[in-house]
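1. give me a 3D structure for the following:
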Amino acid sequence: MRRLVLILLLLAAPVFAVQPDEVLDDPVLEQRARDLSVGLRCLVCRNESIDESNAELARDLRLLLRERLVAGDTDEEAVAFIVDRYGEYVLLKPTTSGSNLLLWLAGPIMLLIAAAVGLNFLRTRAKAQVSGETEALSAEEQERLRQILED
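-> Down below sits the predicted model:
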């Protein structure tokens, strides 16, 4: 059974979509290209890197990235070229500056607001229960309760 699970896990591992004709002759440049392409999103497949995607656009982006590296661009320059051309959406991990800062902070801010509202609700409810327990039943209410319990 363990062997079957292991085989299935190995088959489910991501298969890189880089074609043999895309691979650079220089192993150092190829490794740089692979490292950079893992952080770039396929615009067709959404949450797949261009290294894992089989889409034509992902192939074009892989080739473009390799062309920029062969031309002598640094890693930052090559990624900046692609971001300038396709927008920040192409990054799998967007930057945390500018208007993106609001998006990065929106989740934690909403969590804090929800926690504050929840605590306020719990405190209000606890106060209402405490004040409700101190009031005794009137004679009429006690009689009605006794009738309900007897039935």
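
2. Asp60 and Gly98, how far apart?
-> As judged by CB to CB, to the nearest Å, Asp60 and Gly98 stand 27 Å apart. Glycine gets a C-beta too; all of them are placed from N, C-alpha and C.

3. got the contact list for the helix or strand harbouring Leu36?
-> Leu36 is part of helix 27-37, with elements assigned from DSSP states H and E. Contacting residues not belonging to helix 27-37 are listed as 18, 23-24, 49-51, 61-62, 65-66, 69-70, 75, 78-79 [CB atoms under 8 Å, 6 or more residues apart in numbering].

4. in PyMOL, select just the buried ones from these.
-> To isolate the buried ones among those in PyMOL, judged by 16 or more other CB atoms under 10 Å, type:
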select buried, resi 18+24+49+50+51+61+62+65+66+69+78+79
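
5. and the contacts of helix 27-37, which is the shakiest by pLDDT?
-> Ranked by pLDDT, the contacts of helix 27-37 bottom out at Val18 (62).

6. re earlier: in the helix holding Leu36, which residues are buried?
-> 30, 32-34, 36-37.

7. confidence score at Val5?
-> At Val5, pLDDT is 59.

8. no no, Ala136
-> At Ala136, the pLDDT value in this model is 76.

9. ok, the contacts of helix 27-37 vs Ala139, which is closest?
-> For Ala139, the nearest member of the contacts of helix 27-37 is Ser49. The distance, counting by CB to CB, is 75.7 Å.
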